[in-house]
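Novice: Requesting a structural model of the entry that follows:
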Amino acid sequence: MFPIGDDNSEITITPYVNYLFIGINILVFVLLQQLGSNDAFSYAFSLVPREVTTGVDLQGVIPVTNSDGQLLGEIQHFQTPLGVYFNFLSSMFMHGGFGHIFGNMLFLWIFGDNLENLLGHIRFAAFYLVCGFAAALAQVVMEPGSVIPMLGASGAISGVLGGYLVLFPQRQIRAIIFNFLTTVPAFVALGLWIGYQLLLGFLTPSGQGGVAYAAHIGGFIAGVVLIKLFAIGRKI
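Specialist: Numbers count the residues shown, from 1 in each chain. Have a look, this model is predicted:
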């Protein structure tokens, strides 16, 4: 499911926070990650589950193994300047490549403004960050011994998608689904998306790296569970 737009006719405010988050992600990717080529920065500020569970900042070349102890490869880790737990925040604003950041920012552009319009600027910012933390924590819980760095806004954006589904289940989404351009209700589009995450999360062997499906699922669940709390007092 690849969304290209939704109905924004109800929006009455400028979604400054959504624009700010998109801007920060782009600036970090361009200026600090140097379009993904600055491994020292990216690895230093990514979230590593084993660092979180042990409190130890991994440095140097670290072997990557699967659940059977088979060597899969090696990762060069760099010192984390601000402590391993700071990376819960910093990892939310970094990406692994052009496709990664483009997809994430497109989803945030389409779905974030509607939530910010309903929640307001401050509540939306808090909701986004809380979902991002919850998503990262879900990945850590699922793979506590992993040395593979996690980075990206996907977990926080998954929370936005979960909140959007709860608040706007019938909202029409323009999307490319199975190579067809169509318009479907949000519960269909986002239902397909989370179903895909669940399927791939189930099929992907633990410790294999790649996409952090547990973070996507955890962020989505956090968004579904928390959105009504953040929307207290707002007209839904």
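Novice: ok, how many other residues are close to L199?
Specialist: Neighbourhood size, L199 [other Cβ atoms under 10 Å]: 11. To be clear about C-beta, it is placed using only N, CA and C from the backbone, and glycine gets the same treatment.
Novice: And for H216?
Specialist: The tally of other residues near H216 (other Cβ under 10 Å) stands at 27.
Novice: helix, strand or coil for it?
Specialist: helix (DSSP: H, G, I helix; E, B strand; the rest coil).
Novice: That one and N87, how far apart?
Specialist: 18 Å (Cβ to Cβ, to the nearest Å).
Novice: In terms of pLDDT, where does the residue positioned nearest the centre of the chain sit?
Specialist: With distances taken as Cα atoms, centre = their mean, S154 lies nearest the centre of the chain, 1.7 Å away. S154 carries a pLDDT value of 95.
Novice: the strands in this protein, which residues?
Specialist: 2-6, 60-65, 71-77, 172-177, 180-185 (DSSP state E).
Novice: The first one - which strands sit beside it in the sheet, and in what orientation?
Specialist: The pairing partners recorded for strand 2-6 under DSSP bridges are strand 172-177 (antiparallel).
Novice: which residues sit against the partner strand?
Specialist: With contact meaning Cβ atoms under 8 Å, 6 or more residues apart in numbering, strand 172-177 is reached by 1-7, 110, 181-186, 188-190, 192.
Novice: can you check stretch 120-136 too?
Specialist: So stretch 120-136 is in contact with 13, 15-18, 21, 47, 88-89, 91-92, 112, 115-116, 119, 150, 153-156, 158-160, 162-163, 215-216, 218-219, 221-223, 226-227, 230-231, 234, going by Cβ under 8 Å, 6+ apart.
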